[in-house]
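Participant: Below is the sequence, then the predicted model.
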Amino acid sequence: MEIKITVLDRSGDKKIISGPTDINLNLMELLKIHKYPVEGTCGGMALCASCHVYIKSDHTLPDLTPSEQAMLDDNWDSKPNSRLACQIGISKDIHLLNIEIAPES
Ligand code: FES
């Protein structure tokens, strides 16, 4: 299945991107594929926070892991709706997700 995600970037541009659910991508990788300035420095290990996003829709997402929680606790841009995009798999559960890319930390 191909899902759609609405992305608001750091310059205020909003776009709808799409991604396949069958090749084990995470949201950080999908944002990189679509050329968003999300570095993913740690390779998706929840250790760098360069993939920090704000979730603006009310989807049910996987629980935060302790390392994701620790990274977000240490980030002064964190909000209650913060997540690390590398910890969110591209699946049908996040179809029509709405996110904003957090400021560079
Ligand atoms: S890519 Fe490093 S925390 Fe997500």
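Facilitator: Cool, the structure landed.
Participant: separation between residue 76 and the ligand?
Facilitator: Residue 76 sits 16 Å away from the ligand, going by CB to the nearest ligand atom, to the nearest Å. Bear in mind the C-beta positions are built from the backbone N, C-alpha and C, glycine included.
Participant: Excluding covalently adjacent residues, which one is nearest to that residue?
Facilitator: residue 105 (7.8 Å; CB to CB, 6 or more residues apart in numbering).
Participant: any idea how far the one you found lies from residue 14?
Facilitator: Distance, residue 105 to residue 14, by CB to CB, to the nearest Å: 22 Å.
Participant: Mind checking which of the two has more residues around it?
Facilitator: More crowded of residue 105 and residue 14, by other CB atoms under 10 Å: residue 105, with 13 against 10.
Participant: For the residue nearest to residue 76, give me its contacts.
Facilitator: Residues near residue 105 by CB atoms under 8 Å, 6 or more residues apart in numbering: 49-50, 52, 75-77.
Participant: And residue 103, by the same measure?
Facilitator: Residue 103 neighbours (CB under 8 Å, 6+ apart): 10, 77.
Participant: go again using 10 Å as the cut-off
Facilitator: By CB atoms under 10 Å, 6 or more residues apart in numbering, the residues touching residue 103 are 10, 52, 75-77.
Participant: Ramachandran coordinates for it?
Facilitator: The phi/psi pair for residue 103 (degrees, to the nearest 10) reads phi -60, psi 150.
Participant: before we move on, the earlier item: give me the PyMOL select line for the contacts of residue 103, limited to the buried ones.
Facilitator: Here the buried members of the contacts of residue 103 are turned into a PyMOL selection, burial being counted by 16 or more other CB atoms under 10 Å:
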select buried, resi 52+75
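Participant: and which of the contacts of residue 103 is nearest to the ligand?
Facilitator: Nearest to the ligand out of those is residue 52 (CB to the nearest ligand atom; 7.6 Å).
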